[in-house]
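Enquirer: here's a sequence, model it:
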Amino acid sequence: MARKKYMAIHTFHSDEMRKAFWRGLHKSEKTDFEWRDGYIFEKCQCTGTWVGDDDFFFCQWESESEEDVLKALTSKGMDEYIFTALYPIDMHIDIRNLTGKVPYEPVFYLDDEYNPEKG
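Expert: Got it, this is the predicted structure:
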């Protein structure tokens, strides 16, 4: 089965869970390579994460299904701390990976004037 891209929006169960989640992080010596390797699963992989100082953080996943991402998070114990909402990504533009092609075709369906039979 082909993998799709998903954006995960995570929020903490409570302020106490937020503090517990990050507690001890300053002692970590885990590299970004080790982080990556820890988020590779049989049917999915986390390919990026964005963290700020508020109640939400974000991850990009490549997965066969939403359920596979949720199973992976559960296997890491993440559901003890966070709630996760997953949204399919139909278009992704990354300035570090430009092709020179028109990138909008995956979301033409959003244009109410678009008729796939006429192009």
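Enquirer: whatever helix or strand residue 69 lives in: how far from the chain's middle?
Expert: Assigned by DSSP states H and E, residue 69 belongs to helix 66-75. Relative to its chain's centre, helix 66-75 lies at 11 Å (CA atoms, centre = their mean, to the nearest Å).
Enquirer: same question for stretch 34-41.
Expert: 13 Å.
Enquirer: again with stretch 39-53
Expert: Averaging C-alpha positions (CA atoms, centre = their mean) puts stretch 39-53 6 Å from its chain's average.
Enquirer: residues of it that come out buried?
Expert: Residues of stretch 39-53 classed as buried under the neighbour-count rule (16 or more other CB atoms under 10 Å) are 39, 41, 44, 45, 46. Placement of C-beta: from N, CA and C, glycine included.
Enquirer: show me where this structure has its helices.
Expert: Taking DSSP state H as the test, the helices found in the chain are 15-22, 32-38, 66-75.
Enquirer: who does residue 9 bridge with?
Expert: On the basis of DSSP bridges, residue 9 is bridged to residue 58, residue 85.
Enquirer: for it, list the residues it contacts.
Expert: 56, 58, 84, 85, 86, 87 (CB atoms under 8 Å, 6 or more residues apart in numbering).
Enquirer: can you say which of the helices of the chain is packed in most?
Expert: Stretch with highest mean neighbour count among the helices of the chain: helix 66-75 (a mean of 17; mean count of other CB atoms under 10 Å).
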